[in-house]
Structure formats: C-alpha cells, structure tokens
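>>> Next one to model:
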Amino acid sequence: MTATAKILLLGSGELGREFVISAKRYGAHVVACDAYAGAPAMQVADEFEVFSMLDGDALKAAILRHKPDYIVPEVEAIRTEVLQEMEAAGHTVVPSARATYMTMNRDRIREVAATELGLRTSRYRYAEDLDAVKAAAEHTGLPCVIKPVMSSSGKGQSTVRTAEELEAAWTYAVANMRGDRRKVIVEEFIAFDYEITLLTIRTRDGVVFCEPIGHRQERGDYQESWQPVPMDAAALAAARDMAAKVVDNLGGYGLFGVEFFVAGDDVVFSELSPRPHDTGMVTLMSQNLSEFDLHARAILGLPIPRITLRGPTASAVILASQDSTHFGVEGLADALALGTADHDVEVRIFNKPTTRPYRRMGVALAEGATADEARALAKRAADKVWLSYRD
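Numbering: from 1, shown residues only. Below you'll find the predicted structure:
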C-alpha cells in the first residue's frame, strides 16, 4: 500500500505516540525522532531516528533523507532556523515554520499576542540575570510568576510572593529551561477563577474549537484535566476570538493548545502551543475525535464535520517517584475495575523506558455524571496504578 502521506515527527513523547496512532489510522507512514531510543512514539511508528532536535545538522540530514510530506514538531526545543530553511526549500512544516519559531520561546509569542494583536495579557517583563528579575518584579508587582522563555509542561515555573524568593525562582527557572537561552519572563500574577485550554484547530475550511478544558497544575505541570467547564457565553466568545486571531496570525494547519486565565468576564491570554496539549489527553475519552485525530485531520486536509463532547470526562496523571531503568506497572486491573455500567474508566501507559521523580508515566481517564464526579473517579483510578522499582 502507498501511504497517504509521509510524516517526520520531531519529538516522540506520549503526545507524539497518540498522534502517530491517529495518523496511521488515516494511512500515514510515520518516522518518529527523539534524542533517546525507545521513546513512546517510536514504539508505534514505521521508522525511527535518534538525534537531538537541537542538532541542526542531524535535523536537516533527517529531513533530506526521508523527504517527508509533513514535518511535525512535537517539542519546543528545536532548531527552528533549520525548519525555516527547509520550508523555504519547499517542505511543509506543521503548522508552519513561523509558528514553530514564534512559539519556541514565550517572549516571541507574547509579543505577537500583546503587541501585534493587542490581546489582553498579564503585565510582564523579560530578564536575563537576577538584577533584571528584580527590576521586572517591581514592574509587575508581587506576587508574580517567573518562567523560562523556553520550557515545556510548566518546567522551571514558580510563583514568587516576596522579594526574598526571587533569587531561588531565578535559579530554578535557569536550571529547568530548555535550549540555550538563559532568559525568563516575569509576569503579573493573575488572581483567576479558573484556567482553561481551548483546543483550536486551523483547517483549510476555517477555524474550529473543542469545548474548553479545565485543568489543575502542581509544580507548574498538568495533574488533571476535565470537560466540560461551565463558562459564561461572553467569556467563551472572547477566548475563541483571541484564539482565532493568534492561530490565523501564525498560519498553517493543525491543532493549537491555547491557554487562558478567566476571572469573571475577564479573559486573559496566557500561552500557546502549536501542537496537541497535555491537558487535551482527556479528549481520548471525552470527544468523538481526540485532539490527536483532529491534529492529523487538519494536517492531512481531511474534513472535520463536527466535534462532539460525549459527556463529563476527566484525566489524572500517573507519576513516577524515583529514578529507575528497571520497573514495572502494577494495579491496572484494580484501576479498570472502577468502571461501571454507566461510566467508563480507561488507562493509558506511555511505555517510557526510564523514570525520574514526577515523570508522567501514564494517565487515567474516567466518565461521570458531572465533571467533579469524573475528576474524582479518574483520580481514584490513577491512584490504583503504581510502579514497582527493581533497581
């Protein structure tokens, strides 16, 4: 069989794994790339390559060797100048080389949102040393939030409530940033009622949206997510309007995870990822089309007639507690036994080859009569699954 398309996937974590499964269901041939062998997406792809996405020569060589129809980044830390060169030479980068470049670092996408598009954002300043951090905090006021301009899943992010905490927050951000830019963004702390991810899909037929996803974080990292989120109609309209403006500005086709803070009727743009979002794992159960199906359809130019929310659904992460290369997964039967005739429970294990403290190793999914009931059931299921370490 001739593949419907050849995809070079740059980054092969759990989100990449689910995307590969969706893309292959539509007949694509996928080459999964990452810096280590045995990455989750590699296990389900047709081929794989092992190299650092920050190695520009290796990245260019892989593109020229495989000649993909679509280059699909799944990570932030990547040599975007190579993607721009390859796009200029006729290759298709998803959603576009510009989108990848602008969202690789928080400062660039913040400038697009706040300065170019005039969207409502928190007050902010950038800093490249501790003195600049202190000056930025005077501008934003305390409390404030300090994040690396390049990181993923909340790594290196902290909330600072007193001036004495600024140095520790700067040190933590630098230690957890990705790439080679020693730079942070210092933001005003928004006293939000809740925060959402609005999965926004830019297709050849226009922009469509999933229902908002609520989520909770710890250590700057996603712990649980759920749909639906009760949201005022005016606030939802404002979020959709801002999301559409940003993705249209960035261009290309695919799914974007757009994050907002919501305080009453006030909607504040936070961040954007030009790829499936970790909080969107809930859509593996909550929707007729998961975020990974939607990303694949948008990339391949396939129709999306409708996106249906099946009912209240939640996800809860399964975390490792220590470093290990020899471990097993226990408790799956106990977790799945929590399902009932009315509400399903499912577990996805990511098959990562190594563990470290707080590394995401799987996710539990659950339905409920309400979002709160689904959250409670997903958390119970996640707590039933544990890792046995054999080091």
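>>> and Leu10, what are its bridge partners?
With DSSP bridges as the criterion, Leu10 is bridged to Cys33, Pro73.
>>> list the contacts for Pro353?
Counting by CB atoms under 8 Å, 6 or more residues apart in numbering, Pro353 makes contact with 36-39, 325. Any C-beta I mention is one placed from the backbone N, CA and C, and that applies to glycine too.
>>> Now do it, the pLDDT please.
Looking at Pro353, its pLDDT stands at 97.
>>> now swap in Asp221 and tell me
On the pLDDT scale, Asp221 gets 86.
>>> repeat for the one 5 residues further on
pLDDT, Trp226: 98.
>>> try Ser153
Ser153 carries a pLDDT score of 61 in this model.
>>> Ala135: how many residues sit nearby?
13 (other CB atoms under 10 Å).
>>> And the lowest-mean-pLDDT helix or strand in the chain, how far out from the chain middle?
Least confident element among the helices and strands of the chain, by mean pLDDT, DSSP states H and E: helix 106-111 (a mean of 86). Computed by CA atoms, centre = their mean, to the nearest Å, the chain-centroid distance of helix 106-111 equals 16 Å.
>>> Figure out the helix or strand that the residue lying closest to Gly368 once chain neighbours are set aside lives in.
Excluding the flanking residues, the one nearest Gly368 by CB to CB, 6 or more residues apart in numbering is Ala374, at 3.2 Å. Assigned by DSSP states H and E, Ala374 belongs to helix 371-384.
>>> Buried ones in that helix, by neighbour count?
371, 374-375, 377-382, 384 (16 or more other CB atoms under 10 Å).
>>> cool, stretch 285-295 as well?
Buried, per 16+ other CB under 10 Å, within stretch 285-295: 285-287, 289-295.
>>> Also stretch 312-328?
Under the neighbour-count criterion of 16+ other CB under 10 Å, stretch 312-328 has 312-320, 324, 327 buried.
>>> got it, and stretch 335-349?
335-336, 338, 343-348.
>>> Out of these, flag the one nearest to Leu166.
Arg348 (38.8 Å; CB to CB).
>>> Isn't that closest one up against Ser290?
No - counting by CB atoms under 8 Å, Arg348 stays clear of Ser290, with 11.0 Å between them.
>>> where do the contact lists of the two overlap?
Shared contacts of Arg348 and Ser290 (CB under 8 Å, 6+ apart): 18, 284.
>>> quick one: the strands in the stretch 101-250 of the chain?
124-127, 144-148, 158-160, 184-188, 194-203, 206-209, 213-218, 221-227 (DSSP state E, counting those that start in this stretch).
>>> For the nearest residue to Val44 once chain neighbours are set aside, the count of nearby residues, please.
Nearest residue to Val44, sequence neighbours excluded (CB to CB, 6+ apart): Val20, at 5.0 Å. Val20 is flanked by 28 other residues according to other CB under 10 Å.
>>> Show me what the helix or strand containing Val20 is packed against.
When secondary structure is defined by DSSP H and E, Val20 falls within helix 14-25. Judged by 3 or more CB pairs under 8 Å, 6 or more residues apart in numbering; DSSP states H and E, helix 14-25 is in contact with strand 6-10, strand 29-34, helix 291-300.
>>> Could you export the strands of the stretch 101-250 of the chain to CSV, including columns for distance to Glu85?
Converted to CSV, the strands of the stretch 101-250 of the chain look like this (distance: least, CB to CB, whole Å):
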stretch, distance to Glu85
strand 124-127, 27
strand 144-148, 26
strand 158-160, 36
strand 184-188, 28
strand 194-203, 23
strand 206-209, 28
strand 213-218, 35
strand 221-227, 33
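>>> And those strands: which comes nearest Gly27?
Closest of the strands of the stretch 101-250 of the chain to Gly27 is strand 194-203, at 18.6 Å (criterion: CB to CB).
>>> Identify each buried residue in the closest one, please.
195-203.
>>> Stretch 213-227 now?
Of all the residues in stretch 213-227, those buried under the rule 16+ other CB under 10 Å are 213-215, 220-227.
>>> Specify which member of the residues you listed is nearest to Phe189.
Gly220 (13.5 Å).
>>> The closest one reaches Ser158, doesn't it?
Yes - using CB under 8 Å, Gly220 is in contact with Ser158, at 7.1 Å.
>>> which regions of this protein lie under the pLDDT threshold?
Residues of the chain meeting the criterion pLDDT under 70: 152-154, 179-180.
>>> tell me the domain boundaries of it?
Under the assignment automatic domain parsing, the domains of the chain span 6-93, 123-188, 194-389.
>>> ok, and the closest non-adjacent residue to Thr308?
Thr308 sits nearest to Asn288 (CB to CB, 6+ apart), 4.3 Å away.
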